[in-house]
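> quick check, what structure comes out for this input:
(one chain, ligands or ions: 1)
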Amino acid sequence: MRRIVWCVVGTRPEAIKLAPLVSRLRRERDRLETRLIATGQHRELLDRALADFDLRADYDLELMKPGQTLADVLAAGVAGLDRLIAEDRPDLIIGQGDTTSVLAAATAAFYRRAPFAHVEAGLRTGDRYAPFPEEMNRVLIGRLATLHFAPTHQAVDNLLLEGIARSSIVLTGNTVVDAIWSLDSRSNRLPIKPPTAAYVLVTAHRREHQGEHLDQICSALVELTRRRVDLSVILPVHPNPAVRGALIDRLRDRERILLIDPVGYADFAALMRGSRLIVTDSGGVQEEAPAIGKRVIVIRERTERREGFETGLVKLVGCDRDALVDAVDEMWDRPEETSGRIGPGRFANPYGDGWASERITRAVLNFLGIEPEPAPAGFHETWDERRGDPNGISNIGFAYVDSGGMNGYESAV
Ligand code: UDP
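Residues are numbered from 1 along each chain as shown. Prediction:
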């Protein structure tokens, strides 16, 4: 009998980061029935990202409502998923990252005693309000999850520090590296013509940036284009109404600042590859840029992704106008360092090696009591082994002692 595995997605980054895993799990169709469940927390961006990977949700809760609060999303998400779990009885529910949809999925799974596996587990800033609400979402999901797929060594350490059982953690690398490396030649064609040959690609959408922070960021971008005629800015504007309004008010009709609607994943990857520098508050972009050898200035006070610092490609500057102007100014004249250092077969990328979905699939099969096929050529059980790290933690993983969740689930529903 095939086992039912759910992958739950609510927003664009989850779709991008789970897409390679859904595709990989679906290759096990003799043994697994993999269903893609959308909460629809973000409607348009989610559908677009799924379409980029030729995926469509098997079931959609259609949660997005005008003016929805986090509490609305959580409450409706838990209730909707709860009903669906009772009907479909998945053997394992998988969620990725830190959104309220994932918290809803982990909570609904817990109430039904269904095991929940967390992809991209263990990222922490240590500040419960930054990023908000994502940091606390991650902590809570970590308590609820049965399996933890940690992308980096640091993430494993964070989980161990919180008392998560070592046997429930697998070091996998981040599936975003699988995603970006899986793009074909589509990601080499720019979707628009940049105003100047060299440009800065900017994204800014975090909740905690509304108000003063966003003013500082906009003011820095205006100042940079004023100072340098060879510099332009391309900024895909996130549909979040608060951020969108502020960015359009401040940056509309400015010379060499191009505000565009969000673009599909392949187009965004092309914009990243074509840029001289990236300025972002996005978590995913911080991981993707080192995966394609691009430098990134992070406009956040704190980041849960510090591994990129060691490559010299990632710099955290906060949201102060002058600090951002100085950082871009300093890097602008050193373009030779911005590309080609990291990639398949080149420099070690701190976030993954493109095998995360394979590792997760093998761990899922193992957890469900199904023997994985022999490992594919070039595959290493853990990501640290792949990096040849002598302090790696290849002893972690696959030895699950806690199967109570599944047995409990059988009797609870
Ligand atoms: N992205 C995209 N189109 C865009 C802007 C971003 O496909 O116009 C991708 C980007 O490559 C990354 C993800 O969306 O993988 C980031 O999403 P977001 O910034 O919404 O979330 P976060 O990464 O902060 O969780």
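> who does the helix or strand that contains E33 touch, helix- and strand-wise?
Taking DSSP states H and E as the criterion, E33 maps to strand 32-38. Strand 32-38 sits against strand 3-9, helix 12-26, helix 43-52, strand 59-60, helix 70-88, with contacts defined as 3 or more CB pairs under 8 Å, 6 or more residues apart in numbering; DSSP states H and E. C-beta: built from backbone N, CA, C; applies to glycine.
> and these, which one averages the lowest pLDDT?
When mean pLDDT is averaged over each of the helices and strands packed on strand 32-38, helix 43-52 scores lowest at a mean of 92.
> before we move on, back to that, buried residues, the strand holding E33. List them.
Buried residues in strand 32-38, counting neighbours by 16 or more other CB atoms under 10 Å, are found at 32-38.
> cool, stretch 109-122 as well?
Neighbour-count burial for stretch 109-122, counted by 16+ other CB under 10 Å, picks out 109-110, 112-122.
> nearest to the ligand, of those?
E120 (9.8 Å; CB to the nearest ligand atom).
> now do the same contact list for the residue in the stretch 1-150 of the chain positioned nearest to the ligand.
Nearest to the ligand, among the residues of the stretch 1-150 of the chain, is P13, at 3.8 Å (CB to the nearest ligand atom). Counting by CB atoms under 8 Å, 6 or more residues apart in numbering, P13 makes contact with 49, 97, 99, 282-284.
> farthest pair within the residues you listed?
A49 and G283 (14.5 Å; CB to CB).
> residue ranges with poor pLDDT in the stretch 151-300 of the chain?
When residues are selected by pLDDT under 70, none of them lie in the stretch 151-300 of the chain.
> and the strands in it?
With DSSP state E, counting those that start in this stretch as the criterion, the stretch 151-300 of the chain has strands at 169-171, 199-203, 232-236, 257-260, 277-280, 296-298.
> which of those sits closest to the ligand?
strand 232-236 (3.5 Å).
> can you give me how far that closest one is from the chain middle?
22 Å (CA atoms, centre = their mean, to the nearest Å).
> show me which residues of this protein sit near the ligand.
Residues of the chain found near the ligand (CB under 6 Å from any ligand atom) are 12-13, 16, 203, 205, 236, 262-263, 265, 268, 282-285, 288.
> of those residues, closest to L214?
H205 (9.6 Å).
> how about A76: what's its closest non-neighbour residue?
Using CB to CB, 6 or more residues apart in numbering and skipping the chain neighbours, the partner closest in space to A76 is L63 (5.2 Å).
> and if you look at T303?
Using CB to CB, 6+ apart, the closest residue to T303 is L316 (5.8 Å).
> next up, the contacts around that neighbour.
298, 300, 302-303, 309 are the contacts of L316 under CB under 8 Å, 6+ apart.
> so can I have a markdown table of those showing neighbour count?
Rendered in a markdown table, the data for these read as follows (neighbours: other CB atoms under 10 Å):
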| residue | neighbour count |
| --- | --- |
| V298 | 25 |
| R300 | 24 |
| R302 | 17 |
| T303 | 19 |
| F309 | 15 |
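> and which of the residues you listed is nearest the ligand?
R300 (9.7 Å).
> wouldn't the closest one be in contact with P131 here?
Yes. If you go by CB atoms under 8 Å, R300 and P131 touch, sitting 7.4 Å apart.
> any idea how many residues pack against A220?
As a burial measure, A220 scores 24 neighbours (other CB atoms under 10 Å).
> touching, it and L324? I think so.
Yes. Contact criterion CB under 8 Å: A220 and L324 qualify, at 4.0 Å.
> just to revisit the earlier point, so what's in contact with R300 and P131 at the same time?
R206.
> quick check: F379 vs the ligand, distance?
Distance of F379 to the ligand, computed by CB to the nearest ligand atom, to the nearest Å: 24 Å.
> doesn't that residue belong to a helix?
No. F379: not assigned to a helix; according to DSSP: H, G, I helix; E, B strand; the rest coil it is coil.
> number of residues surrounding it?
14.
> can you give the strand pairings for the strand holding E33, parallel or anti for each?
The pairing partners recorded for strand 32-38 under DSSP bridges are strand 3-9 (parallel), strand 59-60 (parallel).
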